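Visitor: Structure of the sequence below:
(one chain, ligands or ions: 1)
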Amino acid sequence: MCGIVGYIGEADATPILMEGLRSLEYRGYDSAGVAVFNNGAAAVVRRKGKLSALQEALDAGSPRGRVGIGHTRWATHGKPSEANAHPHSDCTGRVAVVHNGIIENFHELREQLTAEGHTFTSETDTETIAHLVEKHFTGDLLEAVAAALGEVEGSFATVVLSEDQPDRMIAARKDSPLIIGLGRGENLVASDIPAVLKHTRDILVMENGEIAEITKDGVALRTIDGVPVDRDVLKVTWDASAAEKAGYEDFMLKEIYEQPDAIRETLRGRIGADGAVELDELALATEQVRALNRVYIVACGTSYHAGLVGKQVIEAWARLPVDLDVASEFRYRNPIIDEETLVVAITQSGETADTLAGVREAQHLGGKVMAITNVVGSSVTREADGVIYTHAGPEIGVAATKTFVAQIAAVYILALYLAEERGFMDAADARAVKAQLMELPAIVEEVLNLDEQVKEVAANYVDEKDSLFLGRGMGMPIAFEGALKLKEISYIHAEGYAAGEMKHGPIALIDDGTPIVVVATKSHVYDKVISNIQEVIARDGDVVAVATEGDADIARHARFVFYVPETSELLSAIPAVVPLQLFAYHLAKMRGCNVDQPRNLAKSVTVE
Ligand code: F6R
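Guide: Predicted coordinates for the structure are as follows:
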């Protein structure tokens, strides 16, 4: 969580820092600040609230200088306030620090530093870094930061400046992301690539335990322990404009509309000319795939819902039993994993702390870990044994949309691969499924035409407080996802439930006019879903259904129906979720909510 940016070069640093922070605001937005150095003296401006509050303060008087750091915060230690906003300083005010992560031993460090005479002015764990740097500084900032971080337990991505050596930035990371953008006569450092793209496409991805000394003319990378590191430069090929709104009102809407491309790109190149699924990334030999006795999917939030889809398809096609856990449970469960278990970690950002801990736990127990992620160079790509990239492009809206459908496309590919390698799918069936898969982008394009209808329907529910989302089979994870989207961006309470479970409790919630959204696409449990709809109607619930085109009957049961094109049952997850994303989006907009930055949330949850 939290976004970091640093600049050193010939240009005015403040606007560059603000531009970088704007592209990182998805990582947190409860306070923000910059420290800019001019002729060796630091000017610090911090504000509680979003970046717009900081910008207002800067408009009234912006510090000028050619080196600076900036930060947008998502609070972990200490409430959102100006005093707790980064950058933080030492006692002398000569050191400025921004940090993302959690310093686990900060209470001990703070007590110790206080006893040594240091005075703290914030409640944050970050401030300990500034005081430790002050304590260890004997003329070389790099060595002071390395020594300071040697005392720190926990996770950090941090950038440190000092008035004593104002011609360099020191950046270091452990378990929180940090990249360096290599420019000409200027260099940048940031939590994520979009923050530097306007300046350079040449990126150094820092690894855990590394520290960099960055001047305007160069970067020296080494481990915190002092071993020099030679890292290949990553050339970013995607366009900076991909990270902009491209004319849409919000990133979320843009990303909903990018879903056909996200699926297309994720499928691209996965099915070879001979029709075989190509998944070299799995890094397992055919004998190892055949020896697998189980798959274990680990993920959080929306990615967990993609995992629920994965469980159904892998079991159906590859006939492998699939366990599934939210990562925060899995990591502490002492799960049953052995060398014959394939663990699939699904994480859009590749940085979710619980999922990464799950990956480590699974490897510790002997499992092979395959990651499904959207972010090249993210932590999970370095820790997992293999990676399937989703190629959805950067997702800026905090609520996951295009990365969800891309994750589902990736699990379809994985399931097909496992099925074929294990000999559980005959050639004709496999051909049919692949042909249907390739039609999904066009189908989603058609579903997007429902946008206006969904908006009109949503207008009926603007003042609702509660809602229920129901589904069976493939409809169940989609009901869960529809409920998650609605609650996180519109703040309407939404329960996602297996439709058959309704009568075991949630049915008590239904009264006159409660909106009940039912995923009722054609499936082997369609009749059961219709029975559930009847139960809802009998209690005066107000049914909105997602159904398959041509199903005229459903209109007799539901007040509103969103029709999606027919696909095979196991592929129906993708078309069915799109109207629910639009439903959440329009309701949230009509309620005046900030859909791209819902309250209390952040895009990557890098703390547990
Ligand atoms: C909801 C959402 C979150 C994430 C969750 C996991 O819209 O985006 O629930 O899905 O925080 O994040 P990743 O996939 O980055 O591990």
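
Visitor: how many other residues sit next to Lys503?
Guide: When counting by other C-beta atoms under 10 Å, one arrives at 11 neighbours for Lys503. C-betas here are computed from N, CA, C, even on glycine.

Visitor: all strands in the stretch 101-250 of the chain, in order from the N-terminus.
Guide: If DSSP state E, counting those that start in this stretch is used as the criterion, the strands of the stretch 101-250 of the chain fall at 156-162, 169-174, 179-182, 187-190, 202-205, 210-214, 219-223, 234-235.

Visitor: I'd like these written out as TSV, with mean neighbour count added.
Guide: Compiled in TSV, the strands of the stretch 101-250 of the chain are given as follows (neighbours: other C-beta atoms under 10 Å):
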stretch	mean neighbour count
strand 156-162	27
strand 169-174	27
strand 179-182	23
strand 187-190	28
strand 202-205	20
strand 210-214	23
strand 219-223	16
strand 234-235	12
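
Visitor: Check these for me: which has the lowest mean pLDDT.
Guide: Looking over the strands of the stretch 101-250 of the chain, mean pLDDT reaches its minimum on strand 234-235, with a mean of 90.

Visitor: Pick out the residue in the stretch 251-400 of the chain sitting closest to the ligand.
Guide: Shortest the stretch 251-400 of the chain-to-the ligand distance, computed as C-beta to the nearest ligand atom: residue-wise this is Gly301, at 1.9 Å.

Visitor: Reformat the strands of the stretch 101-250 of the chain as TSV; add distance to Thr114.
Guide: Formatted as TSV, the entries for those read as follows, by distance: least, C-beta to C-beta, whole Å:
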stretch	distance to Thr114
strand 156-162	21
strand 169-174	24
strand 179-182	34
strand 187-190	30
strand 202-205	37
strand 210-214	26
strand 219-223	30
strand 234-235	42
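
Visitor: could those go into TSV alongside distance to the ligand?
Guide: TSV is the format used below for the strands of the stretch 101-250 of the chain (distance: least, C-beta to the nearest ligand atom, whole Å):
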stretch	distance to the ligand
strand 156-162	16
strand 169-174	18
strand 179-182	17
strand 187-190	18
strand 202-205	17
strand 210-214	23
strand 219-223	26
strand 234-235	20
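
Visitor: How is this structure divided into domains?
Guide: According to automatic domain parsing, the chain is divided into the following domains: 3-237, 251-425, 449-590.

Visitor: Low-confidence ranges, the stretch 101-250 of the chain, go.
Guide: Residues of the stretch 101-250 of the chain that meet the criterion pLDDT under 70 lie in 239-243, 246.

Visitor: Tell me which residue in it sits closest to the ligand.
Guide: For the stretch 101-250 of the chain, the residue closest to the ligand is Pro177, as judged by C-beta to the nearest ligand atom, at 11.5 Å.

Visitor: Please look at that residue and Lys603 and confirm they touch.
Guide: No: taking contacts as C-beta atoms under 8 Å, Pro177 lies outside contact range of Lys603: 11.7 Å.

Visitor: Mind listing the shared neighbours of the two?
Guide: When contacts are counted by C-beta atoms under 8 Å, 6 or more residues apart in numbering, Pro177 and Lys603 have no shared neighbour.

Visitor: counting contacts, what elements does the helix or strand Val34 falls within pack onto?
Guide: For Val34, the enclosing helix or strand under DSSP states H and E is strand 31-38. Using 3 or more C-beta pairs under 8 Å, 6 or more residues apart in numbering; DSSP states H and E as the contact criterion, the neighbours of strand 31-38 among helices and strands are helix 13-24, strand 41-48, helix 51-59, strand 67-73, strand 95-100.

Visitor: With only the CA atoms kept, save the second one in PDB.
Guide: The reference is to strand 41-48. This file holds the C-alpha atoms of strand 41-48, laid out as PDB (Å, rounded to 0.1, in the frame of the first residue of the first chain):
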ATOM      1  CA  ALA A  41      17.700  22.600   1.900                       C
ATOM      2  CA  ALA A  42      14.500  20.600   2.100                       C
ATOM      3  CA  ALA A  43      11.000  22.000   1.800                       C
ATOM      4  CA  VAL A  44       8.300  19.700   2.900                       C
ATOM      5  CA  VAL A  45       4.600  20.100   2.100                       C
ATOM      6  CA  ARG A  46       2.100  17.500   3.400                       C
ATOM      7  CA  ARG A  47      -1.700  17.400   3.600                       C
ATOM      8  CA  LYS A  48      -4.400  15.100   4.900                       C
END
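
Visitor: Leu58: what's it in contact with?
Guide: By C-beta under 8 Å, 6+ apart, the neighbours of Leu58 are Thr14, Met18, Val34, Val45.

Visitor: List just the nearest of those residues to the ligand.
Guide: Ranked by distance to the ligand (C-beta to the nearest ligand atom), the contacts of Leu58 are led by Met18 at 25.4 Å.

Visitor: thinking again about what came up before, the residue of the stretch 251-400 of the chain closest to the ligand reaches Lys485, doesn't it?
Guide: No: counting by C-beta under 8 Å, no contact exists between Gly301 and Lys485, whose distance comes to 10.6 Å.

Visitor: Looking at those two, which is more packed in?
Guide: Taking Gly301 and Lys485 together and counting by other C-beta under 10 Å, Lys485 has the greater number of neighbours (30 against 22).

Visitor: Please state the offset of stretch 132-141 from the chain centre?
Guide: Centroid separation for stretch 132-141 versus its chain: 35 Å, with C-alpha atoms, centre = their mean, to the nearest Å.

Visitor: Revised request: answer the last question for stretch 166-183.
Guide: Mean C-alpha position of stretch 166-183 versus that of the full chain (C-alpha atoms, centre = their mean) differs by 21 Å.

Visitor: Let's see the distance spanning that stretch from one end to the other.
Guide: When the termini of stretch 166-183 are compared using C-alpha to C-alpha, to the nearest Å, they are 19 Å apart.

Visitor: Stretch 446-456 now?
Guide: With C-alpha to C-alpha as the measure, the first residue of stretch 446-456 is 18 Å from its last.

Visitor: Close to the ligand: what parts of the stretch 451-600 of the chain are there?
Guide: For the stretch 451-600 of the chain, the residues found near the ligand under the criterion C-beta under 6 Å from any ligand atom are Leu484, Glu488.

Visitor: now the helices for the stretch 451-600 of the chain?
Guide: With DSSP state H, counting those that start in this stretch as the definition, the stretch 451-600 of the chain shows helices at residue ranges 451-458, 475-490, 526-538, 573-590.

Visitor: Could I get these in CSV, plus columns for mean pLDDT and distance to Lys465?
Guide: As requested, those are exported to CSV (pLDDT from 0 to 100; distance: least, C-beta to C-beta, whole Å):
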stretch, mean pLDDT, distance to Lys465
helix 451-458, 98, 15
helix 475-490, 98, 11
helix 526-538, 94, 18
helix 573-590, 98, 12
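
Visitor: picking that back up, contacting residues around the residue of the stretch 251-400 of the chain closest to the ligand?
Guide: For Gly301, the contact set (C-beta under 8 Å, 6+ apart) comprises Ala400, Leu484.

Visitor: same thing but 10 Å
Guide: By C-beta atoms under 10 Å, 6 or more residues apart in numbering, Gly301 lies in contact with 326-327, 346-348, 352, 355, 399-400, 404, 481, 484, 488, 601, 605.

Visitor: Pro80 too?
Guide: Listed by C-beta under 10 Å, 6+ apart, the contact partners of Pro80 are Gly28, Tyr29, Asp30, Ser31, Lys48, Gly49, Arg73, Trp74.

Visitor: Apart from its chain neighbours, what residue comes closest to the residue nearest to the spatial centre of the chain?
Guide: Nearest residue to the geometric centre of the chain (C-alpha atoms, centre = their mean): Ser349, 3.7 Å. Closest residue to Ser349 in three dimensions, ignoring its sequence neighbours and counting by C-beta to C-beta, 6 or more residues apart in numbering: Ser604, at 4.0 Å.
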